[in-house]
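Colleague: everything below, folded, please.
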Amino acid sequence: MTTLKAKLHDDLTAAIKGRDELRSSTLRMTLAAINKEEVAGKTKRELSDDEVQTVIIKEAKKRREAADAFAQGGRDESAARELAEREVLDEYLPKQLSDAELEAIVAAAVAEAKGAGAEGPRAMGAVMKIVNPKVAGQAEGGRVAAVVKRLLAG
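Modeller: Numbering: from 1, shown residues only. Got it, this is the predicted structure:
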């Protein structure tokens, strides 16, 4: 078992023993998503820590989107629950980049892409190819894309 998955299992056990319903249900759903990913495809396989982290990122994104949808629908209690679950998942993710750090990485990538001949809004794909490996797990794709668009436009 990978170390991150083992940590999730250990934390789930502790949450169950401590009768922490929010934490235990969140970790159960996350482990179920990890197990589903492991059995997807033709053969069962063990996920690496990076792959487990990718699953956790997806789950955290689902919580944020669900919270937004509940808030728009006037279901504040459900939105608060989703945000609380996201906070639990954030403990297992790397620290997110600040806006200034992200902008510096994107600015360097834009300069690199311009040096390779990519200019203007059509350079979006080239810049994203440079930026994504550098910020993997540290910034959501939508946030990265917004900064890239802004810097390419201006």
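
Colleague: let me see the contact set for residue 26.
Modeller: 85, 88-89 (CB atoms under 8 Å, 6 or more residues apart in numbering). In this view, the C-beta of every residue, glycine as well, is placed from N, C-alpha and C.

Colleague: swap in residue 131?
Modeller: 105-106, 109, 144, 148.

Colleague: those residues in helices, which ones?
Modeller: 105-106, 109, 144, 148 (DSSP state H).

Colleague: how far away is the residue nearest in space to the middle of the chain from residue 96?
Modeller: Residue closest to the average C-alpha location in the chain (CA atoms, centre = their mean): residue 57, at 2.8 Å. Distance of residue 57 to residue 96, computed by CB to CB, to the nearest Å: 11 Å.

Colleague: most distant residue from the centre of the chain?
Modeller: Farthest-from-centroid check, the chain (CA atoms, centre = their mean): residue 117, 31.2 Å.

Colleague: quick one: that residue and residue 126, what's the gap?
Modeller: Residue 117 sits 9 Å away from residue 126, going by CB to CB.

Colleague: and the helix or strand that contains the residue nearest to the centre of the chain, what other elements does it pack with?
Modeller: Per DSSP states H and E, residue 57 falls inside helix 49-72. Contact partners of helix 49-72 among helices and strands, from 3 or more CB pairs under 8 Å, 6 or more residues apart in numbering; DSSP states H and E: helix 3-17, helix 21-39, helix 76-90.

Colleague: show residues contacting it.
Modeller: With CB under 8 Å, 6+ apart as the test, helix 49-72 has contacts from 2-5, 8, 29-30, 33-34, 37, 47, 76, 78-80, 82-83, 85-86, 89-90, 92-94, 137, 140.

Colleague: I'm done for today, thanks for sticking with me.
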